[in-house]
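> give me a 3D structure for the following:
(2 chains)
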2 protein chains.
Amino acid sequence: MRIIEEIGEMQQQADAWRREGKAIGFAPTMGYLHDGHLALVKAARSRADIVVVSIFVNPTQFSPGEDLERYPRDTGRDLRLLREAGADAVFLPTTAEIYPDGYQTHVEVSRVTTSLCGMSRPGHFRGVATVVTKLFNIVKPHTAVFGEKDFQQLVTIRRMVRDLNMDVEIVGHPIVREADGLAMSSRNVYLTEAQRLTALRLQKSLAAAQALVDTGERRAEVVLKRVKEVLEEGDDLLIDYAQIRHPETLEETVLIEAPALCALAAFVGKTRLIDNRILNVPHKP
Amino acid sequence: MRIIEEIGEMQQQADAWRREGKAIGFAPTMGYLHDGHLALVKAARSRADIVVVSIFVNPTQFSPGEDLERYPRDTGRDLRLLREAGADAVFLPTTAEIYPDGYQTHVEVSRVTTSLCGMSRPGHFRGVATVVTKLFNIVKPHTAVFGEKDFQQLVTIRRMVRDLNMDVEIVGHPIVREADGLAMSSRNVYLTEAQRLTALRLQKSLAAAQALVDTGERRAEVVLKRVKEVLEEGDDLLIDYAQIRHPETLEETVLIEAPALCALAAFVGKTRLIDNRILNVPHKP
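Numbering: from 1, shown residues only, chains lettered A, B, ... in the order given. Now for the predicted structure:
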């Protein structure tokens, strides 16, 4: 497994693979890898000849006051896991390599980034869109895989790729969960044992939403009321948002008559967790 | 010469050339070609195996109230000139092909776009950066050639390419002038015979600036005073700006001790013209 720290070297390697007719699959990460990330590597592997993983804790996608400084890092362990998972190369740049002095360019996707996490995390999606643009220009992938836990991120990247005519196939990978149902996240390490139990209510509330739709409820307002009831079964969780939206445009859904995204963000202690589920409408008998 | 109207077809053709090991040179234009554009084609030809020219009047780089509607067009003539100049392909998309329904992504370069034309033309450089990003993703060039008449555009694109790690070599081409010294521009067609004579003062004022520097003057303020005197020799020209700035950062120059950009924009009638010159500092004897 090649470890590449410099942009020019990564681009040359990508060019060489492309000249050999190899398809490049790419999974961008911020490191501190869990099984969710490794599932992305596996998905990239099934679609490409070469798998590149990037590890870069991108400062520009953290809002002021967020956890950039204490974001968990363990590069040694990450590299071991990626070697075991069969990655061909890891792109591991420094912050100065990505944002040198004089840096001043940004990519902004507008409408799909205004709601949900875009409301709570100013500048977050601008940081994501910009760094993903850079990483695509550096790694030159044919295919890139993103987890569906960050559903709005996936929607934003799909929109950006289409709008800017980037010739990269974007693949979304279903959320990978712990045995107890908690969506995997590098931030789960922040949770105490008690908070960990509290956090299970996110997935429980999404299951309750689907159950309500299964019984015939179509009003988003009513479904969200139920979601909030489940989330607020104890006072140890603070809802950031709970919304039902169109899974591509992220426009608000009033009546659930087609698959709709139910997306949540909540604070458990100081830790902000997100989860989501596509609510499916049962076929009429 | 291939004429390609669809994005997917252009990308496939670019991929095919790249697989054959061909270097792609690119000159983006808004059409209504003059010898300045043809010089870009020639420069691309000298650096690449394949030359692609795009013709697209990009609506997003026109500010409100500008001349988008009446911008001159003559595609038949353009194609004939490009055939004669030996272009291999012309990318000629419709506006709907470039900006389909739902379009919402923009590329923004910040500091270098705030002054000069960026002051007078809000949104202009955002439109330029975005469309050039798209065209690079569509045409996939190794090298792209831009005229130095739009000097701030060239600076912006160089900055964007560096910041976003686009693997494209950017080449600036010296201004091509008419026999009388007027910088070539598609907008010169708007000028009456009398206005055409007035417009010559742009280049005359730049020559006066260099002459003053040649005599030992280093104060930008003094040089600009002379520039404005020449421009305002008649009241039939309205200065938009006349400034001396660093040729890469575009920061304001106070003392001209290294090559400095003298950049002008002025209205002659309703027509906005730009011109510029790098002021060179003579070596001390």
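
> which one's the longest helix in chain A?
helix A:193-214 (DSSP state H).

> list the helices and strands the following helix or strand past it packs on?
Note on helix A:193-214: by DSSP states H and E, the next helix or strand toward the C-terminus is helix A:220-231. Using 3 or more C-beta pairs under 8 Å, 6 or more residues apart in numbering or on different chains; DSSP states H and E, the elements in contact with helix A:220-231 are helix A:193-214, strand A:238-245, strand A:260-268. C-beta: built from backbone N, CA, C; applies to glycine.

> check the gap between the closest residue to chain B within the stretch 151-285 of chain A and B:Glu9 for me.
Across the stretch 151-285 of chain A, no residue is closer to chain B than A:Asp163, which sits at 3.5 Å (C-beta to the nearest C-beta). Here A:Asp163 is placed at a distance of 19 Å from B:Glu9 (C-beta to C-beta, to the nearest Å).

> what about those two, which has more around it?
A:Asp163 (22 against 13; other C-beta atoms under 10 Å in any protein chain shown).

> apart from its chain neighbours, what residue comes closest to the residue of the stretch 151-285 of chain A closest to chain B?
B:Thr105 (3.5 Å; C-beta to C-beta, 6 or more residues apart in numbering or on different chains).

> burial count for the residue of the stretch 1-150 of chain A found nearest chain B?
Nearest to chain B, among the residues of the stretch 1-150 of chain A, is A:Thr105, at 3.6 Å (C-beta to the nearest C-beta). For A:Thr105, the number of neighbouring residues by other C-beta under 10 Å comes to 23.

> tell me the SS of A:Phe26?
Following DSSP: H, G, I helix; E, B strand; the rest coil, we place A:Phe26 in the strand state.

> so it makes contact with A:Ala44?
Yes: using C-beta atoms under 8 Å, A:Phe26 is in contact with A:Ala44, at 6.4 Å.

> could you pull out the residues contacting both of the two?
Shared contacts of A:Phe26 and A:Ala44, defined by C-beta atoms under 8 Å, 6 or more residues apart in numbering or on different chains, comprise A:Val51, A:Val53, A:Thr143, A:Ala144, A:Val145.

> from A:Phe151, how far off is the nearest residue to A:Ala48 once chain neighbours are set aside?
Spatial nearest neighbour of A:Ala48, excluding adjacent residues (C-beta to C-beta, 6+ apart): A:Gly25 at 2.9 Å. From A:Gly25 across to A:Phe151, the span is 21 Å (C-beta to C-beta).

> swap in A:Pro282?
22 Å.

> same check on A:Leu250?
According to C-beta to C-beta, A:Leu250 stands 9 Å off from A:Phe151.

> same deal with A:His37?
With C-beta to C-beta as the criterion, A:His37 and A:Phe151 are 16 Å apart.

> spell out which parts of chain A neighbour chain B.
A:7, A:11, A:15, A:18-19, A:21, A:102-112, A:129-130, A:133-134, A:137-138, A:140, A:159-160, A:163-167, A:249 (C-beta under 8 Å from any C-beta of the partner chain).

> among these, name the buried ones.
A:7, A:11, A:18, A:103-112, A:129-130, A:133-134, A:137-138, A:140, A:159-160, A:163-167 (16 or more other C-beta atoms under 10 Å in any protein chain shown).

> out of these, which are inside helices?
Reading helices off these with DSSP H, I get A:Ile7, A:Gln11, A:Arg18, A:Ala129, A:Thr130, A:Thr133, A:Lys134, A:Asn137, A:Ile138, A:Arg159, A:Met160, A:Asp163.

> out of these, which comes closest to B:Asn58?
A:Asp163 (14.2 Å; C-beta to C-beta).

> what's that closest one in contact with, if anything?
Here A:Asp163 is in contact with A:Val109, B:Tyr103, B:Gln104, B:Thr105, B:Lys134 (criterion: C-beta under 8 Å, 6+ apart).

> now do A:Ala44
Going by C-beta under 8 Å, 6+ apart, the list of residues near A:Ala44 reads A:Gly25, A:Phe26, A:Ala27, A:Val51, A:Val53, A:Thr143, A:Ala144, A:Val145, A:Val171.

> which SS state does the fifth one fall under?
Secondary structure of A:Val53, reduced to three states by three-state DSSP: strand.

> so it makes contact with A:Met30?
No: using C-beta under 8 Å, A:Val53 is not in contact with A:Met30; the gap is 11.1 Å.

> compare the two and say which is more crowded by neighbours.
Neighbours were tallied for A:Val53 and for A:Met30 using other C-beta under 10 Å; the higher tally belongs to A:Val53 (30 against 18).

> look up how far A:Lys284 lies from the more buried one.
Taking C-beta to C-beta, one finds A:Val53 at 44 Å from A:Lys284.

> quick check: chain neighbours aside, which residue is closest to the spatially most central residue of chain A?
Against the mean C-alpha coordinate of chain A, by C-alpha atoms, centre = their mean, the closest residue is A:Asp150 at 3.0 Å. Setting aside the residues directly before and after it, A:Asp150 is nearest to A:Ile274 in space (C-beta to C-beta, 6+ apart), at 7.2 Å.

> now do the SS call for that neighbour.
strand.

> give me the number of residues near A:Ala207?
The tally of other residues near A:Ala207 (other C-beta under 10 Å) stands at 14.

> next, the contact list for the residue nearest to it when sequence neighbours are not counted, please.
Of all residues not flanking A:Ala207 in the chain, A:Arg277 sits nearest, at 7.8 Å (C-beta to C-beta, 6+ apart). Residues in contact with A:Arg277 (C-beta under 8 Å, 6+ apart) are A:Leu206, A:Ala207, A:Ala209, A:Gln210, A:Leu261, A:Cys262.

> now the buried members of the residues you listed.
Here, 16+ other C-beta under 10 Å leaves A:Leu206, A:Ala209, A:Gln210, A:Leu261, A:Cys262 buried among the contacts of A:Arg277.

> among the residues you listed, which two are most distant?
Between any two of those, the greatest separation by C-beta to C-beta is 12.1 Å, found for A:Gln210 and A:Leu261.

> give me the common contacts of the two.
Counting by C-beta under 8 Å, 6+ apart, the shared contacts of A:Gln210 and A:Leu261 are A:Arg277, A:Leu279.

> find the nearest non-adjacent residue to A:Val132, please.
Nearest residue to A:Val132 in three dimensions, chain neighbours excluded: A:Ile157, at 5.7 Å (C-beta to C-beta, 6+ apart).

> between whichever strand or helix holds that neighbour and strand A:238-245, how many degrees?
Using DSSP H and E, A:Ile157 sits in helix A:151-163. Here the directions of helix A:151-163 and strand A:238-245 differ by 40 degrees (axes from the mean of the first three to the mean of the last three C-alpha atoms, to 10 degrees).

> how far off strand A:260-268 does helix A:151-163 point, in degrees?
130 degrees.

> for helix A:151-163, buried residues please.
Taking 16+ other C-beta under 10 Å as the neighbour-count basis, helix A:151-163 is seen to contain the buried residues A:Phe151, A:Gln152, A:Gln153, A:Leu154, A:Val155, A:Thr156, A:Ile157, A:Arg158, A:Arg159, A:Met160, A:Val161, A:Asp163.

> after it comes which helix or strand?
strand A:169-173.

> in chain A, where is pLDDT below threshold?
Chain A contains residues with pLDDT under 70 at A:285.

> how is it divided into domains?
Chain A breaks down by automatic domain parsing into domains covering A:2-173, A:186-277.

> can you pull the contacts of the closest residue to A:Val171 other than its chain neighbours?
Closest residue to A:Val171 apart from its sequence neighbours, by C-beta to C-beta, 6+ apart: A:Val145 at 4.7 Å. Residues in contact with A:Val145 (C-beta under 8 Å, 6+ apart) are A:Gly25, A:Phe26, A:Ala27, A:Leu40, A:Ala43, A:Ala44, A:Arg47, A:Val171, A:Gly172, A:His173.
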